[in-house]
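> just need the structure, nothing else, for what follows:
(one chain, ligands or ions: 1)
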Amino acid sequence: MSISTNTRRHRTPDQILGPYFPTGHTPVPQADLTSVNGIDGLARGEIIEVTGKILNLDGEPVRGVPVTIWQANTFGRYVHANDPNPAPLDPHFVGCIGIRSDDDGIYRIKTVKPGAYPAGLDWMRPPHIHFEVHGRFERLITQMYFPDEPLNACDRLLNAALRPDLLIAKPVPSEGGSGHRVLNFDIVLVRG
Ligand SMILES: [Fe+2]
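Below you'll find the predicted structure:
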């Protein structure tokens, strides 16, 4: 699909970094969060693929920029010492990866759908994936949400965004290959 340079786009809303950014750990340089190098076995949960394009407001691809991605495992637990959730860790799940957009601005990852987790006595965070994009002119930190999740409706962070709809990934029609659910999440910077 060609992208008109006249298409008016909106910058992807910022979201907070959150308490479980894995400070002190180097993101693993691979696009697959479901398999830990050197350990046999796959992460538990629904395996999905997430793909999208990093763009600027003019619809131009933002090429070759670092993207850090981190999330909870299928049980809703982060690989982070501060996470108080008693849900189990998954020895086969990679909690944080670092990749780059390609020459067309595209990224693609394989992961598991993260579990919901408690963020307070009366607040369950819906499934979401954290993204940090280091563009040449700007840094964007945000969170991607899943379509048709009942918890989206009352999530304080998602609904604090000016355009929550821009943070919800879109299903991609089956490509007939992997058999996994594929979701699209484009990320729009101002200049890139
Ligand atoms: Fe989170």
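
> and L166, its phi and psi?
The phi/psi pair for L166 (degrees, to the nearest 10) reads phi -80, psi -10.

> what about it, distance to F131?
According to Cβ to Cβ, to the nearest Å, L166 and F131 sit 13 Å apart. Yep, even glycine has a C-beta here, placed from its N, CA and C like the rest.

> next up, the contacts around the spatially most central residue of the chain.
Nearest to the geometric centre of the chain sits I129, at 3.5 Å (Cα atoms, centre = their mean). Counting by Cβ atoms under 8 Å, 6 or more residues apart in numbering, I129 touches 50, 69-71, 111, 114, 143-144.

> quickly list what T111 is bridged to.
Counting by DSSP bridges, T111 forms beta bridges with I48.

> any idea which helix or strand carries N159?
Assessed by DSSP states H and E, N159 sits inside helix 156-160.

> show me what the next helix-or-strand element following that helix is packed against.
Following helix 156-160 in sequence order, the next helix or strand is strand 170-172 (DSSP H and E). Strand 170-172 is packed against strand 181-184, with contacts defined by 3 or more Cβ pairs under 8 Å, 6 or more residues apart in numbering; DSSP states H and E.

> right, and the helix or strand after the strand it packs on?
The helix or strand immediately downstream of strand 181-184 is strand 187-188, counting by DSSP H and E.

> give the pairing partners of that next one; include direction for each.
Strand pairing for strand 187-188, using DSSP bridges, gives strand 47-55 (parallel).

> pull the number of nearby residues for Q30.
Q30 is flanked by 15 other residues according to other Cβ atoms under 10 Å.

> relative to K170, how far out is it?
Taking Cβ to Cβ, one finds Q30 at 25 Å from K170.

> before we move on, back to that, for the helix holding N159, buried residues please.
For helix 156-160, burial by neighbour count (16 or more other Cβ atoms under 10 Å) applies to 157-158.
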